[in-house]
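Chemist: have a look; sequence and predicted model below, questions after that.
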Amino acid sequence: MDKILQAGDVQDRAMTWDTLAYEAGLENVSARTVKNTMGSLDYHKCVACQKAYVSPHLAERRKAWAKTMLERYPNPEDWKHVRFSDEVHFSLGPQGRLMIIRRPGERHCPDCTQTEPPQKEADKKRVHAWGSIGWDFKSSLKFYEIPSNKNGKMT
């Protein structure tokens, strides 16, 4: 079973314990037995990591920004006055996330990452939040609505 999981991709790791037993040629073994045995080998089921698409242009912009900031603030103590902020957007509704089988330490391996499918325009409740952090600083989350656009991005 270990060889099956190590050779597979994220879709193969999303199989049920019953399917794993079948693929290993253990048709008469219960899913519970497979789960317990794999658990003793530190395998477990968890939600696959989501990986959003980043264009090559955006990746270059991020890299250039990081180089500029390292030149501007070369010492760790220089970063004490810097604040980072970000916004997050999510929908309440069907999730569509895979539950995969993996071992500890495999969180960011390519075989454990699910490529995020394009968002479907559906009648889902969208939630938008913004926050910032820094050295010895954490803002509260600010939840907001933007009726002028559908993705909730701030300008």
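Modeler: Received the coordinates, thanks.
Chemist: where does the protein have its least confident helix or strand?
Modeler: Every helix and strand of the chain was ranked by mean pLDDT, DSSP states H and E. The lowest is strand 113-115, at a mean of 58.
Chemist: need the next SSE after it, C-terminal direction.
Modeler: strand 125-134 (DSSP states H and E).
Chemist: which helices and strands does that next one pack with?
Modeler: strand 83-92, strand 142-144 (3 or more C-beta pairs under 8 Å, 6 or more residues apart in numbering; DSSP states H and E). To be clear about C-beta, it is placed using only N, CA and C from the backbone, and glycine gets the same treatment.
Chemist: which of those comes out lowest on mean pLDDT?
Modeler: Mean pLDDT is lowest for strand 83-92 among the helices and strands packed on strand 125-134, at a mean of 81.
Chemist: who does it pair with, and is each partner parallel or antiparallel?
Modeler: strand 125-134 (antiparallel) (DSSP bridges).
Chemist: and the next helix or strand past the partner strand?
Modeler: strand 137-138.
Chemist: give the bridge partners for I133, please.
Modeler: Going by DSSP bridges, I133 forms beta bridges with F84, K138.
Chemist: mind listing what it touches?
Modeler: R83, F84, S85, S139 (C-beta atoms under 8 Å, 6 or more residues apart in numbering).
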